[in-house]
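Participant: Show me how the following folds:
(2 chains)
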Protein chains: 2
Amino acid sequence: MNPVSPAIVLIDPQLGENIGMAARAMLNCGLTDLRLVRPRDGWPSQSAERAASGALEKGVMTTLFDTTESAVANCHFVLGTTARPRDMIKDVYTASTAAKTLNQATLDRKKTAILFGAERSGLQNEDIARTNGIITMPLNPDFTSLNLSQAVLLVSYEWMITHQEMPVDPVTVTGKTDSATHHDLSIFTHRLIAELSAHSFFRSDQLRPTIERNLINMVSRMNLTQQDTQTLHGIVSALISRNND
Amino acid sequence: MNPVSPAIVLIDPQLGENIGMAARAMLNCGLTDLRLVRPRDGWPSQSAERAASGALEKGVMTTLFDTTESAVANCHFVLGTTARPRDMIKDVYTASTAAKTLNQATLDRKKTAILFGAERSGLQNEDIARTNGIITMPLNPDFTSLNLSQAVLLVSYEWMITHQEMPVDPVTVTGKTDSATHHDLSIFTHRLIAELSAHSFFRSDQLRPTIERNLINMVSRMNLTQQDTQTLHGIVSALISRNND
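Facilitator: Below is the predicted model:
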């Protein structure tokens, strides 16, 4: 298995059975990096193990996280799955174009992740804000309610069939600095928000969460390099320093 | 719905839940003709209805049969799904070539069906013998054990995407504001560079042109909206204001 194949991130999954079936679907398609954020019924889970039909013993590695932020910290490119259009500016991928983009990222040695929300509610806006883009499945518009594990299967399947058509050997990309990880982005957005707060940027406590989310969304969409994040830190440091005019 | 879209035929399905999830997956992909041959736990099934999430009320029509023969009686072209090669001479289709063939048959007004065997045992040789050919999914050869409803989903999904026209490139959804013009970007980068200069960001006159170019490049690559540039102006204004701690 390729260590930089996409991670599947389930956020607030409710049913162990869905987690197990998702793991099974992943391994069917050659994916092995499963990340769980706050599984409702705890982990490990007997119902997950039963539904996984051996996938959890035969290759799928599961890691637990408290936050989405920490779950994607080591990732360079993150997509979210959501059927609903949101009042947020994002690149929208079909399953197929997402698969091509994820495979190209894998060839470039970038770690990628795909986020799935809870069974009932789907991805929350705060999680969508952390993504580089969203995947919308091309389903029957009259019935788009997709089971969580079925959604994982479709995305994993598209990844696999695209992967089978792509060149086998990783391509070495030279002359570029690496993409920023989402950890790099988090460090920057935390600092930016703290500095903005210290400079009275947030005039209304009520609006502050929305404005913070919009800032995170803006930074997440920028496809920044590591060099870019250093530059942004330098800009903030310079701007908050005393004007020497 | 097209009345000659493929029928999904589940032979000896064991769990009502799998039948319900299969119905849900079918309707997700626009298929509505579900045929059940000897469902073990009877029909109708409460667990199927629960797992179907409304698909059985919203479009999927279920018909019961005693034999595979009667279930495919009105069909012109029948494929069977099986992971295992059998000692039988048959055309073998991938999911993708099967989808093309089924769609062509639909265009020719031929009724088609796809057979799925029981959860544990898969299709029996007697059922495979009734098919025009078999579909083998291109799965991870080390883990091909596919849940029944997941198999139905993959085949239905391949049928649907073959049936649809899909956009090739990711489309940027701009919610409320338009993309920034390069004029907007210029105004911002000029201001940013002036403020950075006033805050001693540029330590070396020699490197300054290169650093300025990199800043402009970074902002240009960000695919900013007009709203984003306003936000960036607000950030700069806040950061250069006196810290009120």
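
Participant: Name all residues that make contact with the spatially most central residue of chain A.
Facilitator: Centre of chain A computed as the mean C-alpha position; nearest residue by C-alpha atoms, centre = their mean is A:V78, 3.5 Å away. Residues in contact with A:V78 (C-beta atoms under 8 Å, 6 or more residues apart in numbering or on different chains) are A:V72, A:T112, A:A113, A:I114, A:L115, A:R130, A:T131, A:N132, A:H182, A:S220. Backbone N, C-alpha and C define where each C-beta goes, glycine included.

Participant: out of those residues, which is most surrounded?
Facilitator: Counting neighbours by other C-beta atoms under 10 Å in any protein chain shown, A:V72 comes out on top of the contacts of A:V78 with 29 neighbours.

Participant: Run through the residues that contact that one.
Facilitator: A:V72 makes contact with A:V9, A:V78, A:A113, A:L115, A:R130, A:H182, according to C-beta under 8 Å, 6+ apart.

Participant: what about A:A198, how many neighbours?
Facilitator: A:A198 has 15 neighbouring residues, counting by other C-beta under 10 Å.

Participant: on that earlier part again, mind telling me the two of the contacts of A:V78 farthest from one another?
Facilitator: A:I114 and A:S220 (14.5 Å; C-beta to C-beta).

Participant: CA atoms of the lowest-mean-pLDDT helix or strand in chain A as PDB?
Facilitator: None of the helices or strands of chain A scores lower by mean pLDDT, DSSP states H and E than strand A:90-93, at a mean of 86. In PDB, the C-alpha atoms belonging to strand A:90-93 read as follows (Å, rounded to 0.1, in the frame of the first residue of the first chain):
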ATOM      1  CA  LYS A  90     -14.900  26.500  -2.600                       C
ATOM      2  CA  ASP A  91     -13.700  24.600  -5.600                       C
ATOM      3  CA  VAL A  92     -16.300  21.900  -6.400                       C
ATOM      4  CA  TYR A  93     -15.100  18.500  -7.700                       C
END
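
Participant: what about it and chain B, touching?
Facilitator: Yes. Residues of strand A:90-93 contacting chain B under C-beta under 8 Å from any C-beta of the partner chain: A:K90, A:D91, A:V92, A:Y93.

Participant: Count the neighbours of the second one for me.
Facilitator: Yep, that's A:D91 we're talking about. 21.

Participant: ok, the closest residue to it other than its chain neighbours - contacts?
Facilitator: Spatial nearest neighbour of A:D91, excluding adjacent residues (C-beta to C-beta, 6 or more residues apart in numbering or on different chains): A:G133 at 3.6 Å. By C-beta under 8 Å, 6+ apart, the contact set of A:G133 is A:L79, A:G80, A:K90, A:D91, A:V92, A:Y93, A:A98, A:R221, B:P170.

Participant: hmm, which of the residues you listed are the buried ones?
Facilitator: A:L79, A:G80, A:K90, A:D91, A:V92, A:Y93, A:A98, A:R221, B:P170 (16 or more other C-beta atoms under 10 Å in any protein chain shown).

Participant: Just grab the bridge partners of A:I8 for me.
Facilitator: Beta bridges link A:I8 to A:L34, A:I114 when assigned by DSSP bridges.

Participant: wait, doesn't it sit right on A:T32?
Facilitator: No. Assessed by C-beta atoms under 8 Å, A:I8 is found out of contact with A:T32, at 9.3 Å.

Participant: Comparing these two, which residue is more hemmed in?
Facilitator: For A:I8 versus A:T32, the count of surrounding residues by other C-beta under 10 Å is larger for A:I8: 27 against 21.

Participant: count of neighbours near A:L239?
Facilitator: That count, for A:L239 with other C-beta under 10 Å as the rule, works out to 23.

Participant: which SS class is A:Q164?
Facilitator: helix (DSSP: H, G, I helix; E, B strand; the rest coil).

Participant: Find the nearest non-adjacent residue to it, please.
Facilitator: Of all residues not flanking A:Q164 in the chain, B:P138 sits nearest, at 6.4 Å (C-beta to C-beta, 6+ apart).

Participant: Good, wrapping up.
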